[in-house]
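> kindly generate the corresponding structure for this input.
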Amino acid sequence: MAEFVQKSIEEIVPELEQMERVGLFTKEESRAILKKRTAFEYKLRRKTKQKEDILQYIQYEINALHLVRKRRQKTGYTFKKMEIDVPIVQRIHKLFRLAIFRFQNDVGLWLSHIAFSKNRNEKAAVSRQYLRMLQVHSRKPELWIDAATWEFEKIMSTENARSLMQRGIRFNPKSQQLWLEYYRLELLCTDKTRKRLKILGTNIDEGTEVSDAVIEGQVAPLVFNQAMLAIPNKIEFCLSFLPVCRLFDFTQESESKIFELLSDTFPDDELMWDAVARRHIEDLSQHPKQIKIEVLDKCHSVFKDATNRLPTEKMWMLYVKFCLDMLSVTDQKYDKHQELRHICSILEEGQTAGKLSASIYFEWVQLLLKTSKIDQALEVSCLATKKYQQSVLLWKQHLQMVINGKNNNSNIQGSFQKALQLLKTEESLPIWHMAIEWSMLNLPDQTELFLQQGTQSCCRDVAVVMKECYLEWTALSAGSKKVKETYTRLSHSSPLSANFFRKFIEIENSKEKPKIKTQRDAYEAALRHFGTHDIDLWLEYITLELKHRKGKPEKVGQIHYRAVKSLDDHLVDKFVTRYTLLQTGHAQLK
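Numbers count the residues shown, from 1 in each chain. Below is the predicted model:
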């Protein structure tokens, strides 16, 4: 092994001598570089090569190359690049090739090598590296797209980019991303050719049959047709071609063909009707008022036909979303007032048909609230919560309106109780938070009752959070003595959480004279329940003994021993690492 290392070092010596001779590095710096490279070379000669060793060597050489450039700028010496800079670059490429040969499945290595070559502006090398990478990782569509983008944008080779896309599709015929980017590439080729002819003053109608097909944009529709054959019956995929198509000013015919295919293939799909209705509103803000009204009427007519043919919740949701989008782009007060009335009438029709979803009801109420129709909003909200009794979103909206309205506390409290009864227990936590916040402000005497009900919930997620809230409320309202009693009572009943004990320790620590014995007892109780899988609890306990003025640092070793014995096997190494970092001051608790 030593003779191979010596051979590599002998190849390095001439460039170090040149650096020292021209004054880029001192003799001591050259020796340090040689020593470091020798250590890396020995690592590379191991029988089992480690990827990290090669990457460290590469990073060291890149840093050395940057340092050489800075020294050149500082000294103004720009000669001897072939003897100094080029060998370093060649060594970096050689190390990259070694790493890639050993670890071909690591895409990051390939991309790092390509990025280095791009920074060096080595265009031919980048193209070769892309081709070698794609021979290994041919089933990754994003890599084919990156390679084709490079060829088209940097190498300015439409043929190479098209060839790469076609090869990528042969390997990945079901990749929607590849088909879409190939479609975009053909449109870009057409756009590029047309602009070039326009600058040259050449008539677009002149040329060969092949160039005519490209110039007239006939290739992209062929790509679209093949994509539909390769991935049939996917309306979302078909619709994804429309935004790309609309980026260009010569694709009106292609867009019409896409809509024809949509109408023929997906006549009973809600997304097709939504796309057809929205087709004419791309540049609606630039239209005159009369044209705008006519376009909107046409869109509404399409949606009306759609809701009659497909009376589904999804169809109505798309219709309402379209109306809300149009409301956001109208700027004149008259237009907005007219559109608001139109939306309300549409929503009432949907409600009569029984096809409004919970999200539509929510948007309807929000719309009424923005227009100051409070009573009507409350009425709609009642209907919504009656139809969707287990919707947390609608109940939160309804309860907020009840709280803001002119209702007495008993009615509000009854609304909260009704919501908690109807909602799924595991989804009711946001309502519990609302109820507690409201009761603390309006019915302080009833707050404890709400908290007790919450701690007795059959859902663990609700019960443990309510216990934490119970402790916090007790500390704010009844003092530290009551907190200890509440903690003792709640800690004797399941379920419990580590944060419950942390909350009590936090409250105890916030006192003017915190008792370390109380905190120790709380940590011991928490560790009895969660000591097998909560590393942070052990580290917090250790930190208490180390940093508290009455702590006992001599107990840290004992706690560490207990932690190693108690934690699950897969957590022990992680605990030891974090404990070591904590001891050395290089890490803090989360």
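> gap between the nearest residue to residue 194 once chain neighbours are set aside and residue 152?
Residue nearest to residue 194 in three dimensions, not counting chain neighbours: residue 215, with 6.0 Å by C-beta to C-beta, 6 or more residues apart in numbering. Backbone N, C-alpha and C define where each C-beta goes, glycine included. From residue 215 across to residue 152, the span is 17 Å (C-beta to C-beta, to the nearest Å).
> count of neighbours near residue 58?
23 (other C-beta atoms under 10 Å).
> residues in contact with it?
Counting by C-beta atoms under 8 Å, 6 or more residues apart in numbering, residue 58 touches 92, 95, 96, 99.
> now do residue 5
Going by C-beta under 8 Å, 6+ apart, residue 5 touches 38, 41, 42, 45.
> which of those residues are buried, as a PyMOL select command?
With 16 or more other C-beta atoms under 10 Å as the criterion, this PyMOL line picks the buried residues out of the contacts of residue 5:
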select buried, resi 41
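> buried residues, the strand or helix carrying residue 352. List them.
Using DSSP states H and E, residue 352 sits in helix 333-353. Under the neighbour-count criterion of 16+ other C-beta under 10 Å, helix 333-353 has 335, 339, 340, 343, 344, 346, 347, 350, 351 buried.
> pLDDT score for the residue of the chain positioned farthest from its centre?
When distances are taken from the C-alpha mean of the chain, residue 21 lies farthest, 52.6 Å away, according to C-alpha atoms, centre = their mean. Residue 21 carries a pLDDT value of 88.
> where does pLDDT dip in the chain?
Applying pLDDT under 70 to the chain flags the ranges 1, 203-211, 282-291, 330-336, 585-590.
> repeat that with 80
The chain contains residues with pLDDT under 80 at 1-4, 7, 201-213, 280, 282-293, 328-339, 406-407, 479-481, 583-590.
> tell me, how many residues neighbour residue 254?
When neighbours are counted by other C-beta under 10 Å, residue 254 registers 21.
> helix, strand, or coil at the closest residue to residue 496 other than its chain neighbours?
In space, and not counting its chain neighbours, residue 496 is closest to residue 529: 5.7 Å by C-beta to C-beta, 6+ apart. Classification of residue 529 by DSSP: H, G, I helix; E, B strand; the rest coil places it in helix.
> any idea how far residue 215 is from the closest residue to residue 219 other than its chain neighbours?
In space, not counting the residues next to it along the chain, residue 219 is nearest to residue 186; the distance is 4.6 Å by C-beta to C-beta, 6+ apart. Distance of residue 186 to residue 215, computed by C-beta to C-beta: 12 Å.
> hang on, the earlier thing: the residue nearest to residue 219 contacts residue 220, correct?
Yes: the pair residue 186 / residue 220 is scored as a contact, 4.1 Å apart, by C-beta atoms under 8 Å.
> list phi and psi for residue 157.
For residue 157, the backbone dihedrals are phi -110, psi 100 (criterion: degrees, to the nearest 10).
> can you pull the contacts of it?
Contacts of residue 157 by C-beta under 8 Å, 6+ apart are residue 151.
> now it: how far from residue 133?
18 Å.
> and if you look at residue 453?
Look at residue 453 and residue 133: by C-beta to C-beta, they are 62 Å apart.
> three-state assignment of the residue nearest the centre of the chain?
What sits nearest the mean C-alpha location of the chain, by C-alpha atoms, centre = their mean, is residue 142, with 17.8 Å. Here residue 142 is recorded as helix under three-state DSSP.
> any idea which helix or strand carries residue 432?
Residue 432 is part of helix 429-442, with elements assigned from DSSP H and E.
> list the helices and strands the helix or strand following that helix packs on?
On the C-terminal side of helix 429-442, the closest following helix or strand by DSSP H and E is helix 444-455. The helices and strands touching helix 444-455, judged by 3 or more C-beta pairs under 8 Å, 6 or more residues apart in numbering; DSSP states H and E, are helix 429-442, helix 460-477.
> pick the most buried one from these.
Compared across the helices and strands packed on helix 444-455, helix 460-477 shows the largest average neighbour count, a mean of 20 (mean count of other C-beta atoms under 10 Å).
> could you point out which element follows it?
Once the chain leaves helix 460-477, the next helix or strand it forms, by DSSP H and E, is helix 480-491.
> and that following helix with helix 460-477, angle?
Put simply, helix 480-491 runs at 170 degrees to helix 460-477, going by axes from the mean of the first three to the mean of the last three C-alpha atoms, to 10 degrees.
> in the helix or strand just after helix 480-491, which residues are buried?
Using DSSP H and E, the helix or strand that follows helix 480-491 in sequence is helix 498-509. By neighbour count on 16+ other C-beta under 10 Å, the buried set for helix 498-509 is 498, 500, 501, 502, 503, 504, 505, 507, 508.
> show me which of those residues is closest to residue 433.
Lowest distance from residue 433 to these (C-beta to C-beta) belongs to residue 503, with 15.4 Å.
> residue 581: neighbouring residues, count only.
Neighbour count for residue 581, taken as other C-beta under 10 Å: 13.
> separation between it and residue 574?
As judged by C-beta to C-beta, residue 581 and residue 574 stand 11 Å apart.
> cool, residue 56 as well?
24 Å.
> compare those two (neighbour count), which wins?
Neighbour totals were compared for residue 56 and residue 574, and residue 56 leads with 14 against 11 (other C-beta under 10 Å).
> in terms of helices and strands, where is the more buried one?
Residue 56 belongs to helix 51-75, assigned by DSSP H and E.
> downstream of that helix, the next helix or strand is which one?
Next along the chain after helix 51-75, taking DSSP H and E as the criterion, comes helix 81-102.
> how far off helix 51-75 does whatever helix or strand comes next after that following helix point, in degrees?
Downstream of helix 81-102, the first helix or strand assigned by DSSP H and E is helix 107-119. If you take the same axes, to 10 degrees, helix 107-119 sits at 20 degrees to helix 51-75.
> and helix 107-119, what does it pack onto?
helix 81-102, helix 123-136.
> could those helices go into a markdown table alongside distance to residue 321 and mean neighbour count?
Formatted as a markdown table, the helices and strands packed on helix 107-119 follow (distance: least, C-beta to C-beta, whole Å; neighbours: other C-beta atoms under 10 Å):
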| stretch | distance to residue 321 | mean neighbour count |
| --- | --- | --- |
| helix 81-102 | 49 | 16 |
| helix 123-136 | 41 | 17 |
